[in-house]
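*Asks:* Any chance you can model this:
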Amino acid sequence: MGAAGSNHFSHPEHPLELKNYKKPYTCDGCKEPGFGSRYRCEACDFNLHKDCMFPVETTTHDFFGNATFKFLPRSPNPKCKEKHCRNHRRTYCDACGKAVKGFVYHCAASDLDLHPCCCNLETKMDIHGEEFWLQDKVSRRCNWCRKKKLQGRGSGVQGWAYASSNEDYYFHVGCVPEMMLDAWQNEGGSRSDNDDDKSVAAVSKIKVQLQRNSKGNRGRGNKYWKMLKSILKIIVCVLLGDPTITLACVVAESLLSK
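*Replies:* This is a model prediction of the structure:
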(Lines give C-alpha, C1' and ligand atoms only; values in the text may rest on other atoms or scores of the structure.)
Protein backbone atom coordinates (compact mmCIF):
# COMPACT_ATOMS: atom_id res chain seq x y z
CA MET A 1 0.00 0.00 0.00
CA GLY A 2 2.98 2.30 -0.34
CA ALA A 3 6.73 2.60 -0.56
CA ALA A 4 9.44 5.02 0.46
CA GLY A 5 9.42 7.99 -1.84
CA SER A 6 5.96 7.14 -3.14
CA ASN A 7 2.45 8.37 -2.47
CA HIS A 8 0.33 6.80 0.22
CA PHE A 9 -3.43 6.32 -0.01
CA SER A 10 -3.88 8.53 3.07
CA HIS A 11 -1.80 11.34 1.55
CA PRO A 12 -2.01 11.23 -2.25
CA GLU A 13 -0.88 14.84 -2.75
CA HIS A 14 2.86 14.24 -2.28
CA PRO A 15 5.27 11.32 -1.91
CA LEU A 16 6.40 10.30 1.57
CA GLU A 17 10.08 9.79 2.30
CA LEU A 18 11.83 8.08 5.20
CA LYS A 19 13.14 10.76 7.55
CA ASN A 20 14.91 10.61 10.89
CA TYR A 21 14.40 13.38 13.45
CA LYS A 22 15.18 13.16 17.16
CA LYS A 23 11.84 14.39 18.37
CA PRO A 24 8.34 13.02 19.01
CA TYR A 25 5.59 13.17 16.43
CA THR A 26 1.98 12.08 16.04
CA CYS A 27 1.35 9.55 13.29
CA ASP A 28 -1.28 10.85 10.87
CA GLY A 29 -2.37 7.27 10.22
CA CYS A 30 -3.14 5.73 13.60
CA LYS A 31 -2.96 9.09 15.48
CA GLU A 32 -0.61 7.53 18.04
CA PRO A 33 2.79 8.91 19.15
CA GLY A 34 6.10 8.11 17.49
CA PHE A 35 9.79 8.86 17.92
CA GLY A 36 12.74 9.06 15.58
CA SER A 37 12.28 7.85 12.03
CA ARG A 38 9.03 8.25 10.16
CA TYR A 39 7.66 8.43 6.61
CA ARG A 40 7.10 12.11 6.06
CA CYS A 41 5.89 14.82 3.71
CA GLU A 42 7.82 17.94 4.63
CA ALA A 43 5.51 20.27 2.70
CA CYS A 44 2.42 19.14 4.62
CA ASP A 45 3.98 18.12 7.94
CA PHE A 46 2.48 14.67 7.44
CA ASN A 47 3.97 11.63 9.22
CA LEU A 48 3.41 7.88 9.30
CA HIS A 49 4.83 5.02 11.35
CA LYS A 50 6.44 2.29 9.27
CA ASP A 51 3.59 -0.04 10.26
CA CYS A 52 1.07 2.53 9.06
CA MET A 53 3.01 3.23 5.87
CA PHE A 54 3.03 -0.46 4.94
CA PRO A 55 -0.12 -2.08 6.37
CA VAL A 56 -1.19 -5.55 5.27
CA GLU A 57 -4.77 -6.19 4.20
CA THR A 58 -5.34 -8.96 6.76
CA THR A 59 -3.38 -10.37 9.68
CA THR A 60 -3.68 -12.60 12.75
CA HIS A 61 -2.37 -12.61 16.32
CA ASP A 62 -1.38 -15.49 18.59
CA PHE A 63 -3.65 -14.29 21.40
CA PHE A 64 -6.80 -14.50 19.33
CA GLY A 65 -6.78 -17.97 17.80
CA ASN A 66 -8.52 -18.03 14.45
CA ALA A 67 -9.54 -14.38 14.48
CA THR A 68 -8.67 -12.53 11.27
CA PHE A 69 -7.98 -8.81 11.47
CA LYS A 70 -8.70 -6.57 8.51
CA PHE A 71 -6.90 -3.27 8.06
CA LEU A 72 -9.23 -0.27 8.19
CA PRO A 73 -8.26 3.39 7.63
CA ARG A 74 -10.57 4.48 10.45
CA SER A 75 -12.38 3.13 13.48
CA PRO A 76 -15.33 0.83 12.71
CA ASN A 77 -17.24 2.63 15.47
CA PRO A 78 -16.59 6.36 15.05
CA LYS A 79 -17.55 8.54 17.96
CA CYS A 80 -21.01 9.96 17.48
CA LYS A 81 -21.24 13.75 17.42
CA GLU A 82 -24.58 13.70 19.21
CA LYS A 83 -24.41 14.22 22.95
CA HIS A 84 -25.47 11.28 25.15
CA CYS A 85 -25.85 8.98 22.15
CA ARG A 86 -26.05 5.32 23.26
CA ASN A 87 -26.22 3.81 19.80
CA HIS A 88 -22.52 4.39 19.10
CA ARG A 89 -19.57 3.31 21.21
CA ARG A 90 -15.94 4.22 20.98
CA THR A 91 -13.39 1.63 19.84
CA TYR A 92 -10.40 0.77 22.01
CA CYS A 93 -7.23 -1.14 21.20
CA ASP A 94 -7.26 -4.52 22.94
CA ALA A 95 -3.48 -4.34 23.46
CA CYS A 96 -2.77 -0.91 24.96
CA GLY A 97 -6.33 0.06 25.91
CA LYS A 98 -6.15 3.44 24.19
CA ALA A 99 -8.93 4.75 21.97
CA VAL A 100 -8.70 3.99 18.26
CA LYS A 101 -8.60 7.30 16.37
CA GLY A 102 -7.27 6.25 12.97
CA PHE A 103 -5.71 3.21 11.29
CA VAL A 104 -6.67 -0.06 12.96
CA TYR A 105 -6.73 -3.81 12.49
CA HIS A 106 -10.29 -4.93 13.19
CA CYS A 107 -11.88 -8.36 13.58
CA ALA A 108 -15.60 -7.93 13.07
CA ALA A 109 -16.48 -11.51 14.04
CA SER A 110 -14.83 -11.25 17.46
CA ASP A 111 -15.17 -7.48 17.94
CA LEU A 112 -11.41 -7.02 18.44
CA ASP A 113 -9.16 -4.09 17.53
CA LEU A 114 -5.40 -3.50 17.46
CA HIS A 115 -3.31 -0.44 16.64
CA PRO A 116 -0.83 -1.28 13.83
CA CYS A 117 2.22 -0.92 16.12
CA CYS A 118 0.59 -2.90 18.93
CA CYS A 119 -0.19 -5.69 16.49
CA ASN A 120 3.56 -6.23 15.93
CA LEU A 121 4.62 -6.69 19.55
CA GLU A 122 6.63 -9.88 20.09
CA THR A 123 4.86 -12.48 22.25
CA LYS A 124 8.13 -13.85 23.65
CA MET A 125 11.57 -12.29 24.08
CA ASP A 126 14.89 -13.44 25.54
CA ILE A 127 16.81 -10.58 27.13
CA HIS A 128 20.17 -11.31 28.77
CA GLY A 129 19.07 -14.89 29.35
CA GLU A 130 15.79 -13.88 30.98
CA GLU A 131 12.52 -14.81 29.26
CA PHE A 132 9.82 -12.18 28.87
CA TRP A 133 6.28 -13.00 27.90
CA LEU A 134 3.58 -10.78 26.52
CA GLN A 135 0.47 -11.40 28.62
CA ASP A 136 -3.07 -10.71 27.54
CA LYS A 137 -4.33 -10.88 31.13
CA VAL A 138 -2.78 -8.41 33.57
CA SER A 139 -1.89 -10.20 36.80
CA ARG A 140 0.08 -7.66 38.88
CA ARG A 141 1.01 -4.00 39.25
CA CYS A 142 2.97 -2.24 36.51
CA ASN A 143 6.49 -1.04 37.44
CA TRP A 144 5.68 2.39 35.98
CA CYS A 145 2.09 3.32 36.91
CA ARG A 146 1.99 1.05 39.99
CA LYS A 147 -1.51 0.00 39.02
CA LYS A 148 -2.84 -3.39 38.03
CA LYS A 149 -5.75 -2.04 36.03
CA LEU A 150 -5.20 0.34 33.12
CA GLN A 151 -6.18 3.87 34.09
CA GLY A 152 -8.47 5.98 31.89
CA ARG A 153 -8.87 3.32 29.23
CA GLY A 154 -11.82 1.62 27.59
CA SER A 155 -14.29 -0.14 29.85
CA GLY A 156 -13.76 -3.88 29.72
CA VAL A 157 -10.34 -3.61 28.01
CA GLN A 158 -7.71 -5.31 30.16
CA GLY A 159 -4.76 -4.52 27.92
CA TRP A 160 -1.46 -6.39 27.70
CA ALA A 161 1.72 -6.40 29.73
CA TYR A 162 5.27 -7.72 29.45
CA ALA A 163 6.35 -9.88 32.40
CA SER A 164 9.70 -11.48 33.14
CA SER A 165 9.74 -15.14 34.16
CA ASN A 166 11.21 -14.18 37.55
CA GLU A 167 8.40 -11.60 38.04
CA ASP A 168 10.84 -8.74 38.75
CA TYR A 169 9.82 -6.72 35.68
CA TYR A 170 6.27 -5.92 34.68
CA PHE A 171 5.02 -3.21 32.32
CA HIS A 172 1.70 -2.37 30.71
CA VAL A 173 2.50 -2.00 27.02
CA GLY A 174 0.41 1.17 27.02
CA CYS A 175 2.51 2.74 29.80
CA VAL A 176 5.83 2.60 27.93
CA PRO A 177 5.17 5.24 25.25
CA GLU A 178 3.41 7.44 27.78
CA MET A 179 6.45 7.19 30.03
CA MET A 180 8.76 8.30 27.23
CA LEU A 181 6.54 11.15 26.04
CA ASP A 182 5.87 12.43 29.53
CA ALA A 183 9.57 12.55 30.31
CA TRP A 184 10.40 14.27 27.02
CA GLN A 185 7.64 16.88 27.12
CA ASN A 186 7.61 17.77 30.82
CA GLU A 187 11.34 17.69 31.45
CA GLY A 188 13.33 18.03 28.25
CA GLY A 189 10.81 20.06 26.29
CA SER A 190 10.68 22.86 28.80
CA ARG A 191 14.42 23.31 29.28
CA SER A 192 16.11 23.34 25.91
CA ASP A 193 15.50 23.44 22.20
CA ASN A 194 18.36 20.99 21.69
CA ASP A 195 17.16 17.43 21.03
CA ASP A 196 20.16 15.82 22.74
CA ASP A 197 19.59 17.89 25.89
CA LYS A 198 15.95 16.85 25.89
CA SER A 199 16.96 13.19 25.62
CA VAL A 200 19.22 13.48 28.67
CA ALA A 201 16.50 15.19 30.72
CA ALA A 202 13.95 12.58 29.65
CA VAL A 203 16.26 9.73 30.62
CA SER A 204 16.89 11.27 34.03
CA LYS A 205 13.20 11.56 34.79
CA ILE A 206 12.44 8.00 33.65
CA LYS A 207 15.15 6.50 35.81
CA VAL A 208 14.21 8.51 38.91
CA GLN A 209 10.54 7.57 38.53
CA LEU A 210 11.30 3.89 38.01
CA GLN A 211 13.61 3.86 41.03
CA ARG A 212 10.86 5.45 43.10
CA ASN A 213 8.26 2.95 41.89
CA SER A 214 10.48 -0.14 42.18
CA LYS A 215 11.43 0.22 45.84
CA GLY A 216 12.21 -3.44 46.30
CA ASN A 217 14.72 -3.44 43.44
CA ARG A 218 16.96 -0.55 44.47
CA GLY A 219 19.66 -2.81 45.87
CA ARG A 220 20.02 -4.95 42.77
CA GLY A 221 22.50 -2.65 41.07
CA ASN A 222 23.45 -2.63 37.42
CA LYS A 223 22.01 -6.05 36.64
CA TYR A 224 18.49 -4.79 37.29
CA TRP A 225 18.97 -1.60 35.28
CA LYS A 226 20.72 -3.38 32.42
CA MET A 227 17.75 -5.71 32.07
CA LEU A 228 15.28 -2.84 32.41
CA LYS A 229 17.14 -0.85 29.74
CA SER A 230 16.84 -3.72 27.27
CA ILE A 231 13.15 -4.22 27.97
CA LEU A 232 12.38 -0.55 27.36
CA LYS A 233 14.50 -0.47 24.22
CA ILE A 234 12.64 -3.32 22.57
CA ILE A 235 9.11 -2.33 23.60
CA VAL A 236 9.58 1.36 22.84
CA CYS A 237 11.06 0.76 19.39
CA VAL A 238 8.05 -1.36 18.40
CA LEU A 239 5.29 0.68 20.04
CA LEU A 240 6.59 4.01 18.78
CA GLY A 241 7.15 2.72 15.26
CA ASP A 242 10.86 3.49 14.89
CA PRO A 243 12.08 0.99 12.26
CA THR A 244 15.70 2.16 12.31
CA ILE A 245 15.92 2.07 16.13
CA THR A 246 17.15 5.61 16.62
CA LEU A 247 16.13 7.94 19.45
CA ALA A 248 14.03 5.43 21.35
CA CYS A 249 16.95 3.06 21.69
CA VAL A 250 19.45 5.83 22.40
CA VAL A 251 17.28 6.95 25.30
CA ALA A 252 16.89 3.40 26.61
CA GLU A 253 20.61 2.64 26.23
CA SER A 254 21.40 5.72 28.33
CA LEU A 255 19.51 4.50 31.40
CA LEU A 256 22.65 3.03 32.95
CA SER A 257 24.87 6.02 32.39
CA LYS A 258 22.64 8.88 33.59
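
*Asks:* which residues touch residue 52?
*Replies:* 27, 29-30, 102-103, 116-117, 241 (CB atoms under 8 Å, 6 or more residues apart in numbering). Every residue, glycine included, has its C-beta placed from N, CA and C.

*Asks:* In these, which residue is surrounded by the most others?
*Replies:* residue 241 (31 neighbours; other CB atoms under 10 Å).

*Asks:* if we can go back for a sec, got TSV for the contacts of residue 52, with distance to residue 53, secondary structure and pLDDT too?
*Replies:* As requested, these are exported to TSV (distance: CB to CB, whole Å; DSSP: H, G, I helix; E, B strand; the rest coil; pLDDT from 0 to 100):
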residue	distance to residue 53	secondary structure	pLDDT
27	9	coil	95
29	8	coil	97
30	11	coil	96
102	13	coil	96
103	10	coil	97
116	9	helix	94
117	12	helix	90
241	9	coil	67
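
*Asks:* Quick check: the two most widely separated of those?
*Replies:* Longest distance between any two of these is 12.7 Å, between 102 and 241; criterion CB to CB.

*Asks:* residues shared between the contacts of these two?
*Replies:* Contacts common to residue 102 and residue 241, judged by CB under 8 Å, 6+ apart, are 27, 32, 52.

*Asks:* And the helices in the stretch 1-150 of the chain, which stretches?
*Replies:* 50-53, 116-119 (DSSP state H, counting those that start in this stretch).

*Asks:* how about those helices, which one is nearest residue 160?
*Replies:* helix 116-119 (7.9 Å).

*Asks:* Can you find the helix or strand of this structure with the lowest average pLDDT?
*Replies:* None of the helices or strands of the chain scores lower by mean pLDDT, DSSP states H and E than helix 247-253, at a mean of 47.

*Asks:* For the longest strand seen in the chain, which helices and strands make contact with it?
*Replies:* Criterion DSSP state E: the longest strand present in the chain is strand 11-20. If you count contacts as 3 or more CB pairs under 8 Å, 6 or more residues apart in numbering; DSSP states H and E, strand 11-20 packs onto strand 6-8, strand 37-41, strand 46-48.

*Asks:* could the shared contacts of residue 102 and residue 241 go into JSON lines alongside distance to residue 40?
*Replies:* Below are the shared contacts of residue 102 and residue 241 laid out as JSON lines (distance: CB to CB, whole Å):
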{"residue": "27", "distance to residue 40": "10"}
{"residue": "32", "distance to residue 40": "16"}
{"residue": "52", "distance to residue 40": "12"}
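
*Asks:* Looking at those, which one is closest to residue 11?
*Replies:* Using CB to CB as the measure, the one of the shared contacts of residue 102 and residue 241 that approaches residue 11 most closely is residue 52, at 10.8 Å.

*Asks:* so what's the residue lying closest to the closest one once chain neighbours are set aside up against?
*Replies:* Leaving aside its sequence neighbours, residue 52 sits nearest to residue 29 (CB to CB, 6 or more residues apart in numbering; 3.2 Å). By CB under 8 Å, 6+ apart, the contact list for residue 29 reads 10, 48-49, 52-53, 73, 102-103, 116.

*Asks:* Tabulate the helices of the stretch 1-150 of the chain (JSON lines), appending distance to residue 149.
*Replies:* Output for the helices of the stretch 1-150 of the chain, formatted as JSON lines (distance: least, CB to CB, whole Å):
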{"stretch": "helix 50-53", "distance to residue 149": "27"}
{"stretch": "helix 116-119", "distance to residue 149": "18"}
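
*Asks:* what's the spacing between residue 171 and residue 38?
*Replies:* According to CB to CB, to the nearest Å, residue 171 and residue 38 sit 24 Å apart.

*Asks:* Tell me which of the two has more neighbours.
*Replies:* Each of residue 171 and residue 38 has its neighbours counted (other CB under 10 Å); residue 38 has more, 28 against 23.
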